[in-house]
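J.: Sharing a sequence plus its predicted fold:
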Amino acid sequence: MSAMARAHDKDIAMQAKPHDISRWLRHAGTWRAHARWLFPERALDLLETSIRESEREHRCEIRLVIEAAMPLASVWQGQTCRQRAVQLFHQLGVAHTSERTGILLYINIADHDIELIADKGVNALVAAHRWDAVVTRMSAGFRDERYVQSVLDALNTLRGIARESLPAHAGAAPDNALTDRPLMI
């Protein structure tokens, strides 16, 4: 399956419980426009380029998802950001790469949460504390309102981890099974 790295404001994700009115209102009041303000089109272009260039150097598939707010029914039922990230990991095919080397970086704007899910082909080679360090640094950057730069830094760190753990096969074209474009939902 997949491994974990915990996120920014863990207390929110850990305390997600059914029928939490304040969390439901926070998600209802966080619109996609807010996420677009934090990550405008030119930022998405930069992030896509970073992912594309990174994947030329290793065998991992990196998928970035930026979600303004989770579906309100899911929030009402108590779904955590971690659970949502795992759901998207499977739904978007990150769990179905040929070598099981998918990595999902999930950002939830409403809950101020970041989740990093890595498939077992990567997890077998990378210690959990390395994933945690990526999320911790990214969270610190978000607190300083350096959103795009924090994600670029995280992608660069993931690039180094992936290159070290699963370098590209010499002479082989990269197997780009997933789109490199960040998904805004």
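T.: Happy to help now that I have it. What you see is a predicted model, and the numbers here were worked out from it, not measured in a lab. Residues are numbered from 1 along each chain as shown.

J.: Help me confirm that Leu105 is found in a strand?
T.: Yes: counting by DSSP: H, G, I helix; E, B strand; the rest coil, Leu105 is found in a strand.

J.: what's the closest non-adjacent residue to it?
T.: Closest residue in space to Leu105, ignoring its immediate chain neighbours: Leu64 at 5.0 Å, by Cβ to Cβ, 6 or more residues apart in numbering. The C-beta positions use only the backbone N, C-alpha and C, and glycine is treated the same way.

J.: The strand or helix carrying that neighbour: what's the following helix or strand?
T.: Using DSSP states H and E, Leu64 falls within strand 61-67. As assigned by DSSP H and E, the chain's next helix or strand after strand 61-67 is helix 72-76.

J.: need the contact list for Ala168.
T.: Counting by Cβ atoms under 8 Å, 6 or more residues apart in numbering, Ala168 makes contact with Arg56, Glu57, His58, Arg59, Pro174.

J.: same check, this time on Met138
T.: The contact partners of Met138, by Cβ under 8 Å, 6+ apart, come to His8, Ile114, Ser150, Val151, Asp153, Ala154.

J.: Show me what counts as buried in the helix or strand hosting it.
T.: Per DSSP H and E: Met138 is located in helix 128-143. By 16 or more other Cβ atoms under 10 Å, the buried positions in helix 128-143 come out as Arg130, Trp131, Val134, Val135, Thr136, Met138, Ser139, Gly141, Phe142.

J.: mind giving me JSON lines with those residues and columns for pLDDT and distance to Arg36?
T.: Listed next are the buried residues of helix 128-143 as JSON lines, based on pLDDT from 0 to 100; distance: Cβ to Cβ, whole Å:
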{"residue": "Arg130", "pLDDT": "97", "distance to Arg36": "31"}
{"residue": "Trp131", "pLDDT": "97", "distance to Arg36": "27"}
{"residue": "Val134", "pLDDT": "98", "distance to Arg36": "24"}
{"residue": "Val135", "pLDDT": "97", "distance to Arg36": "23"}
{"residue": "Thr136", "pLDDT": "97", "distance to Arg36": "26"}
{"residue": "Met138", "pLDDT": "98", "distance to Arg36": "19"}
{"residue": "Ser139", "pLDDT": "97", "distance to Arg36": "21"}
{"residue": "Gly141", "pLDDT": "97", "distance to Arg36": "19"}
{"residue": "Phe142", "pLDDT": "97", "distance to Arg36": "16"}
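
J.: what's the distance between the residue nearest the centre of the chain and Pro18?
T.: Geometric centre of the chain, nearest residue: Leu105, 1.3 Å, by Cα atoms, centre = their mean. The gap separating Leu105 from Pro18 is 27 Å, by Cβ to Cβ, to the nearest Å.
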